[in-house]
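>>> Let's see this in three dimensions:
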Amino acid sequence: MVSQANVKTLLKILIGVAWIDGKIQPEERRHLDRIAAEQELAQDPEIKPLLGGLVSVTSEQCYGWIQQYLGSHPTGESCQKLVEAISALVYSDGEVAIEEAKLLNRVQQLADAHSNSETPSKAVLGMVRQLYRDLVGQAR
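As a prediction, the model looks like this:
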């Protein structure tokens with residue numbers, strides 16, 4: 001079972017990812033609003049200013065939330081869920097910014113650094129990582 005704190009941290013990460021290219025795209029905002037409503041976090045005092053764009057999120061904050069979400073010994077399930085959630089947001093606007101691709105690459109590195117055993121999610125994360133590397137290469 002996923003705790004409400006983890007769901008809230010995941011939503012904060014997604015808000016941070018939306019900000020990572022400097023502005024939240026309308027499609028990203030709709031995606032975030034839907035998740036917040038589904039998880040009953042839209043009116044949360046910590047989430048509401050972030051979601052409403054009243055407070056911008058720095059990449060350092062976003063990476064801090066990722067570290068908090070994954071913890072010191074991330075599970076394959078938590079890594080996979082994080083990559084899937086970020087990917088869904090990134091693709092919601094039909095564009096993959098270089099900053100977003102770099103973030104997914106860094107999530108993979110964090111997961112690798114804290115994982116001592118080969119898990120199915122490592123294979124999935126590796127494939128996503130390669131996809132983003134290819135996309136970044138094409139964007140140049």
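>>> At which residues are the helices of the protein located?
With DSSP state H as the criterion, the chain has helices at 4-19, 26-38, 47-51, 59-70, 76-92, 98-114, 120-139.
>>> now residue 72: how far from residue 78?
12 Å (Cβ to Cβ, to the nearest Å). Using the backbone N, CA and C atoms, a C-beta is placed for each residue, glycine as well.
>>> Next: residue 103.
Counting by Cβ to Cβ, the gap from residue 103 to residue 78 is 16 Å.
>>> For burial, what's the neighbour tally of residue 17?
By the criterion of other Cβ atoms under 10 Å, residue 17 has 28 neighbours.
>>> Just the pLDDT at it, thanks.
Here, the pLDDT recorded for residue 17 equals 90.
>>> now swap in residue 55 and tell me
84.
>>> give the contact list for it.
Neighbour list for residue 55: residue 49 [criterion: Cβ atoms under 8 Å, 6 or more residues apart in numbering].
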